[in-house]
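>>> this is the structure alone, sequence omitted:
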């Protein structure tokens, strides 16, 4: 599996072959608080880089989930729709959101590595 | 200038995430998060800093009772000393400036006001009383709520004589060689108390409650708790354009007051006799989707029939819950309605309130 990359909208992405797995970061879940609702894109849908690809709601507010790269949705994680609390428990592991068949691998180059993201997250939350 | 309550430092020490609310720095949640805080209150004892709320003392004798009855639609003459009632400050159109709790004291009344409304309330009440009485919106006092099935067991360790206090009644007690005033009331649907005490003693008092097993709870859980209990939040579910009748709070206006004057009394009487066009109802979406305030409500034929005023996920009832106003002929329990969330129509049903059954204690007996 490839190095984990991160977006400014607090999504993480890993690549395996031409399929990317996308979720939201631990930092994002800490900002959101307890997540009580998740909506994911439909399988087969084509999503565009930085476009909306889902929604999460905490007890406080709703937030859009964006896709950091373009592609076709090939799988979604139904378990987080059924039990959204899983997103708070393991956001960067078992609580992934959706998988994409990547359209343009070069889009990954625009994203941050772990060190860059941590710095970004620290700066934007203070 | 944003104000801080006397418990500000304690909130920070306990890892609170602070937000501005009604001009105060208030804790929205602590480290464990809204859902854990909510459940802790339902199962144990939660402490809420509500010192931002107004504590208005009005002193005076029998004439004051008569004059206050011209302002509030309740029967104050029948109120016993230390008894509390829920009521409203209303405008001449029957709309609500604020909802409040009024308690009869030995030498006057104590009125607990919403933080965001208290300054305006003070001016309105003062004007209506024509400067005949002494009014004191007391900023030297804190207000601490302790709520939950174990609230009594915790509080009794700090103030031993509270056990006989009945629901919606208050009494003066001694704490740390000063007088404090405690009422058995709250805003969570649980048994509980609200404690009014000097600002200087608030932190020590709360520290003691924490030592006996209670935990600090933020405004986030306060909101999910009150919504599960079907209680209104002023500014969301009640406002200057909504009457107590439309808000389905007719129970708070005694029959004996229907034909006597208070602001808006003519309109309220008409609404009681002829009915109202819209009514506040409980709403349960059929999915986990949350319908927040201002979500539009439709009927089966896509006709817009109202809007949501409060909506969240109920941690104890474990589903999406909401309240809102619908046209009167859609207000019956189990009426199918649709909520427009992010462009989709989500099926929902009108339901009875509260979502979560109350555990209020009258004396020592559960009712």
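In hand now; what should we look at? Because the structure is a prediction, the values reported are computed rather than measured.

>>> please parse chain B into its domains.
In terms of domains, chain B is parsed into B:1-229, B:277-351 (source: automatic domain parsing).

>>> OK, contacts around the closest residue to chain B within chain A?
Scanning chain A for the residue nearest chain B gives residue A:36, at 3.6 Å (criterion: C-beta to the nearest C-beta). For glycine as for every other residue, the C-beta is placed from the backbone atoms N, C-alpha and C. Under the criterion of C-beta atoms under 8 Å, 6 or more residues apart in numbering or on different chains, the contact partners of residue A:36 comprise A:57-59, A:84-85, B:35, B:288, B:290, B:313.

>>> of those residues, which belong to strands?
The strands in this structure, assigned by DSSP state E, contain A:57-58, B:313 from those.

>>> stretch A:91-99: which residues count as buried?
A:91-92, A:95-99 (16 or more other C-beta atoms under 10 Å in any protein chain shown).

>>> end to end, how far does that stretch reach?
Chord length of stretch A:91-99, first to last residue, is 15 Å (C-alpha to C-alpha, to the nearest Å).

>>> how long is stretch B:85-101 end to end?
With C-alpha to C-alpha as the measure, the ends of stretch B:85-101 fall 6 Å from one another.

>>> swap in stretch B:88-106?
The distance separating the two terminal residues of stretch B:88-106, taken as C-alpha to C-alpha, comes to 22 Å.

>>> list the buried residues for it?
B:88-91, B:94-104.

>>> just those residues: which are in strands?
Those of these lying in strands (DSSP E): B:88-90, B:96-104.

>>> between the residues you listed, which is closest to chain A?
For those, the residue nearest chain A by C-beta to the nearest C-beta is residue B:99; the value is 23.2 Å.

>>> what is the closest one paired to in the beta sheet?
Beta-bridge pairing for residue B:99 (DSSP bridges): residue B:88.

>>> and residue A:104, which of the domains of chain B is closest to it?
When the domains of chain B are compared by C-beta to C-beta, domain B:277-351 sits nearest residue A:104, at 27.8 Å.

>>> counting neighbours, what do you get for residue 16?
As the question left the chain open, I've gone with chain A. Neighbouring residues of residue A:16 were enumerated by other C-beta atoms under 10 Å in any protein chain shown; the total is 10.

>>> to clarify, I was referring to chain B.
Other residues near residue B:16 come to 22 when the count uses other C-beta under 10 Å.

>>> quick one: stretch B:31-49 to chain centroid distance?
Mean C-alpha position of stretch B:31-49 versus that of the full chain (C-alpha atoms, centre = their mean, to the nearest Å) differs by 17 Å.

>>> stretch B:199-216 too?
On the basis of C-alpha atoms, centre = their mean, stretch B:199-216 sits 22 Å off its chain's mean C-alpha point.

>>> if we go by neighbour counts, what in that stretch is buried?
Going by neighbour count (16+ other C-beta under 10 Å), the buried part of stretch B:199-216 is B:201-203, B:205-206, B:208-210, B:214-216.

>>> swap in stretch B:36-48?
Of the residues in stretch B:36-48, those with enough neighbours to count as buried (16+ other C-beta under 10 Å) are B:36-42, B:44-48.

>>> now stretch B:255-275
Buried positions in stretch B:255-275, judged by neighbour count with 16+ other C-beta under 10 Å: B:257, B:262-265, B:267-269, B:271.

>>> would you map the helices across the stretch 1-150 of chain B?
Residue ranges of the helices in the stretch 1-150 of chain B, as given by DSSP state H, counting those that start in this stretch, are B:8-13, B:34-43, B:62-69, B:118-128.

>>> which of those helices sits closest to residue B:343?
Evaluated over the helices of the stretch 1-150 of chain B, closeness to residue B:343 peaks at helix B:34-43, with 27.1 Å, by C-beta to C-beta.

>>> tell me the pLDDT at the residue of the stretch 201-350 of chain B at minimum distance from chain A?
The stretch 201-350 of chain B approaches chain A most closely through residue B:313 (3.6 Å), counting by C-beta to the nearest C-beta. The predicted local distance difference test score for residue B:313 is 96.

>>> that one is in contact with residue B:321, isn't it?
Yes. Between residue B:313 and residue B:321 a contact is recorded at 7.4 Å, counting by C-beta atoms under 8 Å.

>>> residue closest to the middle of chain B?
Closest to where the C-alpha atoms of chain B average out (C-alpha atoms, centre = their mean) is residue B:187, at 5.0 Å.

>>> for that one, which non-adjacent residue is spatially closest?
Spatial nearest neighbour of residue B:187, excluding adjacent residues (C-beta to C-beta, 6 or more residues apart in numbering or on different chains): residue B:226 at 5.0 Å.

>>> number of nearby residues for the one you found?
For residue B:226, the tally of surrounding residues (other C-beta under 10 Å) stands at 19.

>>> now for the helix or strand hosting it, which elements pack on it?
Assignment of secondary structure by DSSP states H and E places residue B:226 within helix B:219-228. Based on contacts counted as 3 or more C-beta pairs under 8 Å, 6 or more residues apart in numbering or on different chains; DSSP states H and E, the elements that helix B:219-228 packs against are strand B:24-29, helix B:34-43, strand B:304-314, strand B:319-327.

>>> and the pLDDT for residue B:270?
The predicted local distance difference test score for residue B:270 is 98.

>>> on the three-state scheme, it is what?
The assignment at residue B:270 comes out as helix when based on DSSP: H, G, I helix; E, B strand; the rest coil.

>>> distance check, it against residue B:325.
When C-beta to C-beta, to the nearest Å is the yardstick, residue B:270 and residue B:325 sit 19 Å from each other.

>>> the closest residue to residue A:104 other than its chain neighbours: neighbour count?
Spatially, and ignoring its direct neighbours in sequence, residue A:104 is nearest to residue A:70 (6.2 Å; C-beta to C-beta, 6+ apart). Using other C-beta under 10 Å, the number of residues around residue A:70 comes to 16.

>>> so what's the residue count around the nearest residue to residue B:330 once chain neighbours are set aside?
Nearest in space to residue B:330, with sequence neighbours left out and distances taken as C-beta to C-beta, 6+ apart, is residue B:305 at 5.2 Å. The number of residues packed around residue B:305, counting by other C-beta under 10 Å, is 21.

>>> quick check: residue B:305 touching residue B:337?
Yes. Shown here, residue B:305 and residue B:337 form a contact pair, counting by C-beta under 8 Å, at 7.0 Å.

>>> residue ranges of the strands in chain A, please?
A:5-6, A:11-16, A:19-24, A:35-39, A:46-47, A:52-58, A:62-66, A:71-76, A:98-102.

>>> can you pull out the residues in contact with the fifth one?
This points to strand A:46-47. A:41, A:53, A:67, A:70-73, A:100, A:103.

>>> partner strands of it and their direction?
Here the strand partners of strand A:46-47, with direction, are listed using DSSP bridges: strand A:71-76 (antiparallel).

>>> ok, residue B:156 - contacts?
With contact set as C-beta under 8 Å, 6+ apart, residue B:156 has these partners: B:162-163.

>>> count of neighbours near residue 20?
No chain was given, so I picked chain A. Taking other C-beta under 10 Å as the definition, residue A:20 ends up with a neighbour count of 24.

>>> oops, wrong one, chain B.
Neighbour count of residue B:20, defined by other C-beta under 10 Å: 11.

>>> list the contacts of it.
Contact criterion C-beta under 8 Å, 6+ apart gives B:2, B:26 as the residues in contact with residue B:20.

>>> measure it to chain A for me?
Note on residue B:20: its distance to chain A, by C-beta to the nearest C-beta, to the nearest Å, is 14 Å.

>>> and the longest helix for the chain?
Let's take chain A. Using DSSP state H, we find that the single longest helix of chain A is helix A:114-125.

>>> I was after chain B.
With DSSP H setting the assignment, residue counts place helix B:199-211 as the longest helix in chain B.
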